[in-house]
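Undergrad: next comes the sequence, and after it the predicted model I'd like to discuss.
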Amino acid sequence: MEATQRMACNADLINPLFSMGMQVSCVLVLSHFFHLILKPLGQPGPIAQILAGLVLGPSALSNIGAVKNSFRSSTEDYYQILGLFSRIFFMFLIGLQMDLPYAVRNIRKAAAVALGGAATCFAFSAAVSVVLFKELDIHGNGFLFALSLMVLTANAASPVVLRLAVDYKLATSDVGRLAVCSSLVNDVGCAFLLCIVSIFSRKSKIGERIGNGFSCLLLLAAVVFLNRHLSRWLNKRNRNLKHLRNTEFFCVLSLIIATAMFVEWSGYSSIITCFLMGMMFPREGKTARTLLHKLSYSIHTFVLPVYFGYIGFQADLKRFRNLSDSLIILSIVLLSVGGKITGTLAACRHLNIPMTEGVVLAFLMNVKGNVDLVLINTVSDTIKWTTRANELFIITMVVNTVIVGPVVAFILSREAKYFGYSPVALEKQEVEEKRERELRILACVHGPRHVPTMARIIQSSNGYKNTTVSPFLMHLIELPDKNRFNLMYNQLQDDELSDDDDDDYGGNDVVEINDTVDAFFSETGIMTRQLKVVSPFATMYEEVCDGAEDLRVSVVLLPFHKHQRIDGKMESGKEGVRITNQKVLRHATCTVGILVDRGFWPAGAAQMGFQVPQHVAVLFFAGPDDREALAYGRTMGMHAHVNLTVIRFLPESSKDHDAGMSIAAYKEEVLMSIPRRENEDEEDNTFLANFYNRYVTSGQVGYVEKYVDNGEQTVKALKEMGDMYSLFIVGKGGRGQCPITTGMSDWEECPELGTVGDLLASQDFDGSVLVIQQHRNQNMELMDD
């Protein structure tokens, strides 16, 4: 706040602003240049941005007279104001983007990792604080200096950790999400200690400072309450718009800024306040969607690069020329790194986290940033730090952050297979009652008609109490013809004159999809993250496959290229949709499902949710795809409002040989004996045996066996049950030479659905169909039906 007052009272505002503008431009240009050079070496963006600041700062170019005169020292106040607003925006955005369900489920792990690293840093810093206090010739409160040193070494900057996780493609992995969550816990804890430091570092009375703190808490509670009602009102007011109007957006943002500025004026850091305002902001509706859309781009492309560049700009590496200064810098860096590694690895061992992940976590938790800068600026006057001490602490902060990039990049390159995307088939995922499990689903839609049924499929997959569904909705939009962009500006339609070119794609479909997603969240509480892909059909499959890999999903759901008309007949859509489905089936590295949508809910059911029991059937013939279909049906069958029936088709000739399930009870235990027969698929029988003993005998799932001789009898049996179920789940193929489906492929119209799926998608059936294909190694030779 003092910097704000000095800037406002400055008689010459133009020249410092011009100088700061030049510096910001140079930081952006140099950071992009360094990023182009360092990206092939595995170095993330923040490292390049800090190096850009180092080059422009007193360590390099600012030693030149002309550059030093251009970059006036009076711009320091402007940089502090820029840093203040940067912290407000990105801490609010981090809170808004926070994965709350994951944080709640893993708060114990995150707190243990954060506390483990911080505790050892506290102990190490307290041990050497007396020596450093004398060596740096600091005149002031020794306890306050020791507490400040503890915070400086223990802090982990959550914005930097988040950017590193994104650049290393760890943001959706377990280790990356745990690192981000742990850094947030660490950041909030260190910011709280910073508030304590600020209480004792100001000249005002302690009672007055505590009173100001309670005022800030009351204001925060009032703003959180106001944001909830304001968000709902704005959502209703802009029902037919994709986003809020600019004036409404600035009003919401102004409320956030005003609250943060009041906290700063009261003498406290606004880091925790901005984070809590973002975390408690309503996630559904156009208000949150507008804030995410408009803040994400500007912060990631402008605010954070300048902020990281400012960190490097303050460091003067000429201090390394002095042996004493070099030893102090080295000792503080070793304190921080050693403390983080020791404490984090101890916490990981307690939590049974592998050593490799623990080392990556330790180094990611060692990055420094926002809290350190605020702390240095807060206590430098009170403790009477010398210029030397101030510069040394800034250098240690920069060195701690810079060394993380090469170390983590080396570990990730060495253990690329371990940290890479390696999906496990649903069939092989053991569902244990005491072990928490996450099912990540990527549902793709081409328009609003596919969203309701996809949402209900997602909701019904949330059956297990210990399984959390994390859905992603990808809106696939065909890239329009280039001729459309050859028009003059005055020839464009009104809806094409939007200030957001990216949202022109999709038209009004975007509004309908957003409304459906919001209604789904309001009723079920399941947060669906939305993505948009604009691509020609020829390469759209690459976007889907890359998205599935980046998000590390277990299942990709695709809509069938045909849709049901009002008269009940199936009408073909764009051929590009069908080609995309075929290519995704061929190239995806995870389980893929194609949904033939005929209205999953029967007439009379509510638009969302489960108001009547639903009858779902899993058709099992043989092969890995049918096992995967049964595994996915298992997740749906555990839902309270889904009645699941497994229907197994067997050859009529095997009926006398007892090839089905033989159940015998021995001493209150239900066992299954499966007699051996020629050409028996042991994997099918073993998987079915485990499923039967666990779910069928307990009454949770129904089980029926159908005996048929050939494909004709199979078709007849399927038609008899066609109107009994609202959803059929079946594997695509991989059954080899299956005698009970022989001849069914003669009238096959859509090979991407498989033999049985293609029949169920015909006009002779009324229920929806979900065709599942298990991922197979592309190098293996696959057998078709």
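TA: Looks like it came in fine.

Undergrad: by contact count, what packs against the top helix by length along the chain?
TA: Taking DSSP state H as the criterion, the chain has its longest helix at helix 206-237. Packed against helix 206-237 by the contact rule (3 or more Cβ pairs under 8 Å, 6 or more residues apart in numbering; DSSP states H and E) you find helix 174-201, helix 246-265, helix 271-279, helix 286-298. The way it works is simple: take the backbone N, C-alpha and C, and place the C-beta from them, glycine included.

Undergrad: surely residue 568 is within a strand?
TA: No. In this structure, residue 568 is coil, not part of a strand, as judged by DSSP: H, G, I helix; E, B strand; the rest coil.

Undergrad: neighbours of it, how many?
TA: Residue 568 has 9 neighbours, counted by other Cβ atoms under 10 Å.

Undergrad: how big is the angle separating the longest helix of the chain from helix 271-279?
TA: Calculated by axes from the mean of the first three to the mean of the last three Cα atoms, to 10 degrees, helix 206-237 forms an angle of 20 degrees with helix 271-279.

Undergrad: pull the longest strand from the chain.
TA: strand 467-478 (DSSP state E).

Undergrad: Throw the helices and strands packed on helix 206-237 into JSON lines and include distance to residue 82, thanks.
TA: Converted to JSON lines, the helices and strands packed on helix 206-237 look like this (distance: least, Cβ to Cβ, whole Å):
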{"stretch": "helix 174-201", "distance to residue 82": "20"}
{"stretch": "helix 246-265", "distance to residue 82": "13"}
{"stretch": "helix 271-279", "distance to residue 82": "15"}
{"stretch": "helix 286-298", "distance to residue 82": "13"}
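
Undergrad: closest to residue 591 out of these?
TA: helix 174-201 (19.2 Å; Cβ to Cβ).

Undergrad: pLDDT on the closest one, on average?
TA: For helix 174-201, mean pLDDT is 86.

Undergrad: and stretch 684-703, by the same measure?
TA: 88.

Undergrad: would you mind writing the CA trace of it as PDB?
TA: Taking Å, rounded to 0.1, in the frame of the first residue of the first chain, the C-alpha atoms of stretch 684-703 are listed here in PDB:
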ATOM      1  CA  ASP A 684     -13.700 -65.200 -19.400                       C
ATOM      2  CA  ASN A 685     -14.600 -67.900 -16.900                       C
ATOM      3  CA  THR A 686     -12.300 -66.600 -14.200                       C
ATOM      4  CA  PHE A 687     -13.600 -63.000 -14.600                       C
ATOM      5  CA  LEU A 688     -17.200 -64.200 -14.600                       C
ATOM      6  CA  ALA A 689     -16.600 -66.400 -11.600                       C
ATOM      7  CA  ASN A 690     -15.300 -63.500  -9.500                       C
ATOM      8  CA  PHE A 691     -18.100 -61.300 -10.700                       C
ATOM      9  CA  TYR A 692     -20.800 -64.000  -9.900                       C
ATOM     10  CA  ASN A 693     -19.500 -64.800  -6.400                       C
ATOM     11  CA  ARG A 694     -19.300 -61.100  -5.500                       C
ATOM     12  CA  TYR A 695     -22.400 -59.500  -7.000                       C
ATOM     13  CA  VAL A 696     -24.800 -62.200  -8.200                       C
ATOM     14  CA  THR A 697     -24.900 -64.300  -5.100                       C
ATOM     15  CA  SER A 698     -25.400 -61.300  -2.900                       C
ATOM     16  CA  GLY A 699     -28.500 -60.200  -5.000                       C
ATOM     17  CA  GLN A 700     -27.000 -57.000  -6.300                       C
ATOM     18  CA  VAL A 701     -27.000 -58.100  -9.900                       C
ATOM     19  CA  GLY A 702     -29.200 -60.500 -11.900                       C
ATOM     20  CA  TYR A 703     -27.800 -63.300 -14.000                       C
END
